[in-house]
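Sequence plus predicted model, see below.
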Amino acid sequence: MSNTAAPPPPHIALLPSAGMGHLTPFLRLAAMLSSRNCTVTLVTARPSVSAAESDHISFFLSQHPKVNHIEFQVISSTNPTTDDPFFLQFEATTRSVHLLYPSFAASSPPVSPIFSDFTVASSIAPVAADLGVPNYNIFTTSCTFSCLMACLPTLLSNPSCFASDLKEVNVPGITPLPIGSIPPPFKNPNHLFTSLIATNSRALSKSRGILMNTFEDFEPETLAAINSGRVLENLPPILPIGPLDTFKDKKEQEEDGNYLSLLDSQPGESVVYVSFGSRTAMSNEQIKELSDGLERSGYRFLWVLKTSKVDKDDKEDLKDLLGEPFLDRTKGRGVVVKGWVN
């Protein structure tokens, strides 16, 4: 009978970036890994950009006491080139990641791998190398958009690749992308966001692998193109780990009840979902026009309303924004939500 001791469970450090769209997959992955007896350390930047991020992190940690938490202070830019708080946080986090080395080095048990957001790929690579541990990058986008970001340095070398008269952008190995789907900052090589993406894309070759919340049957052609080297020859393999189970805190469950009860009571495919993304704020004039249109249409609807890019700046309640008469007239067929909707 062998006396060989079983190897200890891995200790995985998870480093998300700014924004709920980046944080949520990391919390889901942390919950899954912890449930499978891994030692998990969640690493977050201080301060967060949004109240939603702070709330979700706090509640997650309260519900998962086995998950360790490292919080580090980011170094803000003294000469910002944009007023976008999320782009600035991406840059600040990238600038500050080197500060994590002492915490990682002192971890017990030692950190095995690091799972880090793609937006810190360039700065976490030397930290992982100094620790002697592998780093896996996590893309929080689709495989197709990940291909675009990975190829961005090559595309930017051709000034005409994002020309306004083009109808599509050619990315090697995959179906061409409509020019309208390209983020506007990508058309400016000097934009902070574009520069950050290009810098991190160049560092992907130093990663052991790329984790994505997807699965083979969902994006088979794109996954095959990446993993066969048709997109870029030096990309590490993409490892589909999805779909990750949804993690919801108590507050989310209470808020979800407001609109899920409506959705559950309606005929299938009868509700219009209205959302312009988690970073798009609407003016009072736009809110009035859209509310008038929704009311006159007669359709059932679920409307996610944002009046500011960052929720900390969003002070008005729905009655002030829409008027109580509108809410009364559309009650039963429409729900308006301010906040994060899964």
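Thanks, I have it. Note that the structure is a prediction, hence the values are computed from the model and not measured. Numbering: from 1, shown residues only.

any idea where the strands of this structure begin and end?
11-15, 39-46, 68-73, 114-117, 135-139, 168-169, 177-178, 209-212, 238-240, 271-274, 300-304, 334-337 (DSSP state E).

Of all the ones you listed, which one comes closest to residue 151?
Nearest of the strands of the chain to residue 151, taken as C-beta to C-beta: strand 168-169 at 9.4 Å. The C-beta positions use only the backbone N, C-alpha and C, and glycine is treated the same way.

What is the burial count for residue 80?
As a burial measure, residue 80 scores 14 neighbours (other C-beta atoms under 10 Å).

Use 46 as the first number from now on
Right, with 46 as the first residue, what we last looked at is residue 125.

Residue 132 is in contact with that one, correct?
No - using C-beta atoms under 8 Å, residue 125 is not in contact with residue 132; the gap is 9.0 Å.

Make TSV out of the strands of the chain and add distance to residue 244.
Converted to TSV, the strands of the chain look like this (distance: least, C-beta to C-beta, whole Å):
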stretch	distance to residue 244
strand 56-60	17
strand 84-91	18
strand 113-118	20
strand 159-162	14
strand 180-184	13
strand 213-214	20
strand 222-223	21
strand 254-257	16
strand 283-285	20
strand 316-319	35
strand 345-349	32
strand 379-382	36
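
Of these, flag the one that's most buried.
Per residue and on average, the most neighbours among the strands of the chain fall to strand 159-162, with a mean of 26 (mean count of other C-beta atoms under 10 Å).

now it, how far from the centre of its chain.
Distance of strand 159-162 from the chain centroid (C-alpha atoms, centre = their mean, to the nearest Å) equals 13 Å.

partner strands of that strand, parallel or antiparallel?
strand 56-60 (parallel), strand 180-184 (parallel) (DSSP bridges).

and the angle from the first one to strand 113-118?
In other words, strand 56-60. Per axes from the mean of the first three to the mean of the last three C-alpha atoms, to 10 degrees, the angle that strand 56-60 makes with strand 113-118 is 40 degrees.

if we look at strand 56-60, which residues are touching it?
71, 74-75, 78, 83-88, 115, 142, 145, 149, 152, 154-162, 165, 169 (C-beta atoms under 8 Å, 6 or more residues apart in numbering).

quick one on the thing from earlier: could the strands paired with strand 159-162 be laid out in a markdown table, adding distance to residue 208?
Listed next are the strands paired with strand 159-162 as a markdown table, based on distance: least, C-beta to C-beta, whole Å:
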| stretch | distance to residue 208 |
| --- | --- |
| strand 56-60 | 36 |
| strand 180-184 | 27 |
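
Looking at those, which is nearest to residue 329?
Ranking the strands paired with strand 159-162 by proximity to residue 329 (C-beta to C-beta) places strand 180-184 first, at 36.2 Å.

And the spatially closest residue to residue 102 that is not a sequence neighbour, how far from residue 231?
Among residues not flanking residue 102 along the chain, residue 89 sits closest, at 5.8 Å (C-beta to C-beta, 6 or more residues apart in numbering). According to C-beta to C-beta, to the nearest Å, residue 89 stands 27 Å off from residue 231.

same thing with residue 329?
30 Å.

Pull the number of nearby residues for residue 247.
15.

Excluding chain neighbours, what is closest to it?
Here the residue nearest residue 247, using C-beta to C-beta, 6+ apart, is residue 198, at 5.7 Å.

residue contacts, that neighbour?
243, 246-247.

will you turn these into a markdown table that also has distance to residue 51 and pLDDT?
What follows is the contacts of residue 198, written out as a markdown table (distance: C-beta to C-beta, whole Å; pLDDT from 0 to 100):
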| residue | distance to residue 51 | pLDDT |
| --- | --- | --- |
| 243 | 44 | 96 |
| 246 | 39 | 97 |
| 247 | 40 | 96 |
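
among the strands paired with strand 159-162, which is nearest residue 345?
Among these, strand 180-184 sits nearest to residue 345 (C-beta to C-beta), with 34.4 Å.

hmm, who's touching that closest one?
With C-beta under 8 Å, 6+ apart as the test, strand 180-184 has contacts from 61, 70-71, 74, 158-163, 166, 169-170, 173, 191, 194, 249, 251-257, 281, 283-284.

likewise stretch 216-235?
189, 192-193, 196-197, 200-201, 207, 209, 211-215, 236-240, 242-243, 266-267, 270-271, 273, 275-277.

The residues you listed in helices, which ones?
189, 192-193, 197, 200-201, 237-240, 242-243, 266-267, 270-271 (DSSP state H).

Now list the buried members of those residues.
189, 192-193, 197, 200-201, 237-240, 242-243, 267, 270-271 (16 or more other C-beta atoms under 10 Å).

which of the residues you listed sit farthest apart?
Farthest apart among those by C-beta to C-beta are 237 and 270. That separation is 29.3 Å.
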